[in-house]
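> test case, fold it:
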Amino acid sequence: MLTTTTSNLEGYVITQYLGVVAGQAAIAPVELRDFAAFIRREGGGRHPEFEKMIHETRQAAMLSLENEAKELGANAVIGIDFDYAYLSGDGLVLITVNGTAVIAQDKRNL
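Have a look, this model is predicted:
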């Protein structure tokens, strides 16, 4: 699946727009609690473990987005945008990604 944050794909012609798609993933409160304790112990700064946790959660959201796009028959998603939210009532960090599912054809095959 081709994905981009731009509104077009270099070298491709968009032949059909299929609609907005989204994917979500969350980091659980237990993981965050463990991480908060880790930060207090270490005194702040960059933490590769937390960065890895965010990266894996973002990848899970992307996979969800791509699966939704595939269900529509898309081979690409354009205009991708990420949003991050802290849901204080549940203690979750939610990562949401959305974009436009499209069918794109390689210009070399036209």
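
> V102: neighbour count?
24 (other Cβ atoms under 10 Å). Every residue, glycine included, has its C-beta placed from N, CA and C.

> repeat for E51
The number of residues near E51, taken as other Cβ under 10 Å, comes to 10.

> who's in contact with the strand or helix carrying it?
If you go by DSSP states H and E, E51 is part of helix 48-71. The contact list for helix 48-71 (Cβ atoms under 8 Å, 6 or more residues apart in numbering) reads 1, 3, 18, 21-27, 31, 35, 38-39, 76-77, 80, 82, 93, 95-99, 101.

> which residues in this protein form strands?
2-3, 12-27, 76-87, 92-106 (DSSP state E).

> what subset of the contacts of helix 48-71 is buried?
Burial by neighbour count, judged by 16 or more other Cβ atoms under 10 Å, picks out 3, 18, 21, 23-27, 31, 35, 76-77, 80, 93, 95-99, 101 from the contacts of helix 48-71.

> tabulate the strands of the chain (JSON lines), appending distance to H55 and mean pLDDT.
Below are the strands of the chain laid out as JSON lines (distance: least, Cβ to Cβ, whole Å; pLDDT from 0 to 100):
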{"stretch": "strand 2-3", "distance to H55": "16", "mean pLDDT": "97"}
{"stretch": "strand 12-27", "distance to H55": "11", "mean pLDDT": "96"}
{"stretch": "strand 76-87", "distance to H55": "12", "mean pLDDT": "93"}
{"stretch": "strand 92-106", "distance to H55": "10", "mean pLDDT": "94"}
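
> would you turn the ones you listed into JSON lines with distance to P48?
Formatted as JSON lines, the strands of the chain follow (distance: least, Cβ to Cβ, whole Å):
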{"stretch": "strand 2-3", "distance to P48": "25"}
{"stretch": "strand 12-27", "distance to P48": "16"}
{"stretch": "strand 76-87", "distance to P48": "19"}
{"stretch": "strand 92-106", "distance to P48": "17"}
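
> now do stretch 86-101: distance to the chain's middle.
A distance of 10 Å separates the centroid of the chain from that of stretch 86-101, by Cα atoms, centre = their mean, to the nearest Å.
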